[in-house]
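# build me a model from this:
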Amino acid sequence: MRIYLVNALEFDPINSFHTHATFFDYYPTGTKLEPRDFTDIVMLGQAERGICELRFRHDGEFMFHAHKTEFAELGWMGFFKVS
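Coordinates of the predicted model:
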């Protein structure tokens, strides 16, 4: 699964994206063809963007969310349903 991720929040300088039960290749802003990180969390500054490539080995529901509590409490979370 490929996710095109962007921090489009004007008034919050930092946001994050965190996955449960899997790691992902992360390609930050730019044009490199190799991932910079193999991780389960990225921090994005204002207007920063990147690509996350995830692979799930098992079926199920896998949570993702912001690691900034105030965003998570406002509903910035969800599940990938893999089948």
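# surely D40 and F24 touch.
Yes. Using Cβ atoms under 8 Å, D40 is in contact with F24, at 7.0 Å. C-beta: built from backbone N, CA, C; applies to glycine.
# who's more crowded, the two?
F24 (23 against 17; other Cβ atoms under 10 Å).
# that one contacts C52, correct?
Yes. Between F24 and C52 there is a contact at 4.7 Å, judged by Cβ under 8 Å.
# any idea which element the most centrally placed residue in the chain lies in?
The centroid of the chain falls nearest to F17 when counting by Cα atoms, centre = their mean (3.5 Å). Assigned by DSSP states H and E, F17 belongs to strand 14-19.
# and for T31?
Using DSSP H and E, T31 falls outside every helix and strand.
# quick check: it vs C52, distance?
Using Cβ to Cβ, to the nearest Å, T31 is found at 16 Å from C52.
# which of these two has more residues huddled nearby?
C52 (21 against 5).
# and the helix or strand hosting that one, C-alpha only, in PDB?
Using DSSP H and E, C52 falls within strand 49-54. Only the C-alpha atoms of strand 49-54 are listed here, as PDB (Å, rounded to 0.1, in the frame of the first residue of the first chain):
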ATOM      1  CA  ARG A  49       5.500  15.600   2.600                       C
ATOM      2  CA  GLY A  50       6.600  12.100   1.800                       C
ATOM      3  CA  ILE A  51       5.600   8.600   0.700                       C
ATOM      4  CA  CYS A  52       5.000   5.600   2.900                       C
ATOM      5  CA  GLU A  53       5.000   2.100   1.400                       C
ATOM      6  CA  LEU A  54       3.500  -0.500   3.700                       C
END
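# partner strands of it, parallel or antiparallel?
strand 2-6 (antiparallel), strand 24-28 (antiparallel) (DSSP bridges).
# those: which one's closest to F80?
strand 2-6 (9.5 Å; Cβ to Cβ).
# mean confidence for that closest one?
Averaged over strand 2-6, pLDDT sits at 94.
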